[in-house]
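1. Provided below for reference: sequence and predicted model.
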Amino acid sequence: MPFVTATFREPALTLEKLSLTDQDSIIATQEVELFARMVPQLKDLTLNGVSTPWDSQILHGLNFIDLTCLHFPSTKTILDILSYSPRLQKAVIWQCTTGETPTDPSDSIRLSQLSFLRIDLGRLEAIENVLDRVEVSERGCLAIPVPTGGDVDGFLRRRVAGWTSRWNVAAISKLHGLLLDSDADELRIGILTPDNPEPLTLTVKGFKTLGNQYLLALSYLVDTLAAWSGESMKLHLKLCNPPSTYYATRIRRLFVNELSRLPPITSLEISSVDDYSLVDIVIYEGAWSVFQNICTLSFSGMTPSKLNKRLEWISHATRFVKAATESSLHELDRMPKLQTVELNVSLNAVHEDVEIIGTVAKELKSIVWPGRVVVVYTDQDGLL
């Protein structure tokens with residue numbers, strides 16, 4: 001890194017944001033002095049494959065830090081770096097390695113404003129060593145690598161239980177939603193701020209790999225929600241798209257079993273009606289009890305053309321939900337619980353689009369009567 005060493009030698013007294021990436025580095029170990037350690041206004045720092053002395057002043061007083069492809073002498077070094085910025089809001093420590101993992105409880109730190117922590121240190125032991133010593137607010141979202149090898153079950157149980165133990169059901173029900181999201185390399189567990197804060201929202205996004213680990217995490221998160229069921233909780237469930245591999249019988253049944261343990265689901269949002277949906281799994285298993293309390297069903301993330309293409313599927317899903325809400329009704333009270341179907345559609349203000357939406361709405365109205373169909377037009381930025 002001779003260019004960096006020569007270019008960033010002098011103090012930078014007004015610099016607020018710095019991002020350095022060494023694309024040739026796999027795991028950086030050679031330290032580079034930056035700005036004579038004097039950048040008093042720096043709030044946003046990204047070091048990707050570029051290492052610096054870990055006691056440097058450039059690591060102090062940050063709001064955002066991203067440390068990627070680096071090696072740390074110990075997990076205590078990481079804790080020290082985080083502690084330098086008590087107002088830290090987001091921290092990413094990803095694809096890094098570390099040496100020693102000391103166990104001194106006195107190393108614990110509190111980051112009351114941290115809303116997002118993404119951490120991957122290769123070894124599950126090292127990740128846990130850091131997480132056990134970082135105290136964050138109940139709004140914090142955790143992202144960890146999808147674990148492989150070692151005590152995966154124990155790791156997920158401890159991490160989900162540890163992260164959710166700080167959550168306050170009353171506060172979350174009023175202000176936030178819960179997120180469980182897995183993509184090809186990480187699992188996210190945490191708090192959302194949904195557009196509509198009532199009721200509590202659980203977002204289950206498409207788990208693309210390693211279904212067993214995802215289902216374990218979902219199970220432990222459901223444990224937390226089930227423990228809150230005595231709080232008269234009402235749940236908004238947002239289901240996104242998995243790949244077709246999750247239609248294997250064992251995966252289907254485990255997933256449906258976890259959903260059936262949730263507190264009453266009073267509203268369901270199906271996000272993006274592509275070729276596969278988590279709702280398909282519930283329908284395939286005929287698990288009416290999962291959706292028997294739904295009053296509002298919404299479809300989001302769609303264009304008119306997708307609505308038209310998937311009308312048969314949307315109608316099928318709506319019929320299933322309505323049948324589910326009727327399945328638990330007493331013979332003397334046959335009014336279905338499903339009251340509203342909402343279509344959130346991105347509109348290009350084209351006449352043909354309006355006609356398509358009208359056709360879909362009319363079809364759904366015939367299914368949910370005496371319930372109603374509401375169309376909400378949106379653009380990429382939100383409501384129109």
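-> That came through fine.
2. pretty sure Val50 sits against Asp24.
-> No - with contact defined as CB atoms under 8 Å, Val50 does not count as touching Asp24 (10.8 Å). Heads up, the C-betas are built off the backbone N, CA and C, glycines and all.
3. between these two, which has more neighbouring residues?
-> Taking other CB atoms under 10 Å, Val50 and Asp24 do not tie; Val50 has more neighbours (22 against 8).
4. backbone torsions only: list them for the more buried one.
-> Backbone torsions of Val50, given as degrees, to the nearest 10, read phi -120, psi 120.
5. look up the closest residue to it, ignoring the ones flanking it.
-> Leu20 (4.4 Å; CB to CB, 6 or more residues apart in numbering).
6. distance of the one you found from Ser112?
-> The gap separating Leu20 from Ser112 is 29 Å, by CB to CB, to the nearest Å.
7. same check, this time on Asn344
-> From Asn344 across to Ser112, the span is 35 Å (CB to CB).
8. higher neighbour count, these two?
-> Remark: of Asn344 and Ser112, Asn344 carries more neighbours, 17 against 12, as counted by other CB under 10 Å.
9. for the more buried one, list the residues it contacts.
-> Taking CB atoms under 8 Å, 6 or more residues apart in numbering, we find Asn344 in contact with 298-302, 376, 378.
10. in PyMOL, select just the buried ones from the residues you listed.
-> Burial among the contacts of Asn344 is assessed by 16 or more other CB atoms under 10 Å; the matching PyMOL selection reads:
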select buried, resi 298+299+300+301+302
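11. which of the contacts of Asn344 has the weakest pLDDT?
-> Among the contacts of Asn344, Thr378 carries the lowest pLDDT, at 74.
12. what's the spacing between that one and Glu363?
-> The spacing between Thr378 and Glu363, counted by CB to CB, is 21 Å.
13. quick check on the nearest residue to Lys17 once chain neighbours are set aside: phi, psi?
-> With sequence-adjacent residues excluded and distances taken as CB to CB, 6+ apart, Lys17 is closest to Asp44, at 4.1 Å. Dihedral angles of Asp44 (phi, psi; degrees, to the nearest 10) stand at phi -130, psi 110.
14. my guess is Asp44 meets Leu62, correct?
-> Yes - using CB under 8 Å, Asp44 is in contact with Leu62, at 7.1 Å.
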